[in-house]
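Participant: Requesting a structural model of the entry that follows:
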Amino acid sequence: MAILFIALFGLALGFVLIAFLARSPVPATAGMPTGEGSWIARLRPDEFGKLLSLLFAELKFEIESSTQRGGDVDLFAVNPTPITGARLYVRGVFHPPLGMVGEEEVRIALDTARAELAGKAVVVTPGGFTPEARATAQGSPVDLLDGAALAALVKKHLPQVAAERRV
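Facilitator: Next up is the predicted model:
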């Protein structure tokens with residue numbers, strides 16, 4: 001009888017702990033970068049959009065249009081180089097849930113690039129990408145730039161911005 005009581009008590013305690021942990025809020029900074037590029041995650045959404053425009057302009061793209069809705073940036077850019085030039089769609093996802101961009105955002109970028117006759121899509125975030133997002137991008141005309149890759153590009157092509165850590 002005592003063994004049955006102990007087993008039921010342990011089971012009940014386990015359920016209580018699971019319920020308690022499930023109700024715990026996830027910190028707003030969960031999944032956000034903590035390294036050298038973490039300053040990018042602290043920019044305002046409009047500064048993030050400006051950073052993307054500056055970066056792609058520095059990479060020799062002509063910015064056709066740039067729109068911003070909430071934390072998302074939609075940017076169309078053209079590389080005017082003869083023969084090798086192309087039209088590019090850049091989707092900036094500033095505050096993805098839990099700091100990770102999922103496969104839905106990658107699919108949206110691919111669909112938008114196709115609809116707008118862009119040769120390639122790029123999804124950029126100061127956070128990271130889920131394994132599903134990376135799997136969706138594999139073999140597709142889309143590049144994924146997470147916070148570390150974005151910070152490296154900014155450091156290389158916009159050293160003044162990287163040094164000042166502001167746009």
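Participant: Surely Y89 and L117 touch.
Facilitator: No: with contacts counted by CB atoms under 8 Å, Y89 stays clear of L117, the gap being 9.5 Å. In short, each C-beta sits where N, CA and C put it, glycine included.
Participant: Can you pick out the residue with more neighbours from the two?
Facilitator: Neighbour totals were compared for Y89 and L117, and Y89 leads with 26 against 8 (other CB atoms under 10 Å).
Participant: Run through the bridge partners of that one.
Facilitator: The partner list for Y89 in beta bridges (DSSP bridges) reads F76, A121.
Participant: From V124, how far out is it?
Facilitator: 11 Å (CB to CB, to the nearest Å).
Participant: contacting residues around S140?
Facilitator: V106, L110 (CB atoms under 8 Å, 6 or more residues apart in numbering).
Participant: quick one: it is in a helix?
Facilitator: No: assessed with DSSP: H, G, I helix; E, B strand; the rest coil, S140 is coil; it does not lie in a helix.
Participant: Could you tell me the per-residue confidence at it?
Facilitator: If you check S140, the pLDDT there is 96.
Participant: Please look at V101 and H95 and confirm they touch.
Facilitator: No: judged on CB under 8 Å, V101 makes no contact with H95 at a distance of 10.2 Å.
Participant: Overlap of the contact sets of those two?
Facilitator: Counting by CB under 8 Å, 6+ apart, the residues touching both V101 and H95 are G127.
Participant: So the two - more neighbours on which side?
Facilitator: V101 (26 against 17).
Participant: can you pull the buried residues of stretch 133-143?
Facilitator: A133, T136, A137, P141, V142 (16 or more other CB atoms under 10 Å).
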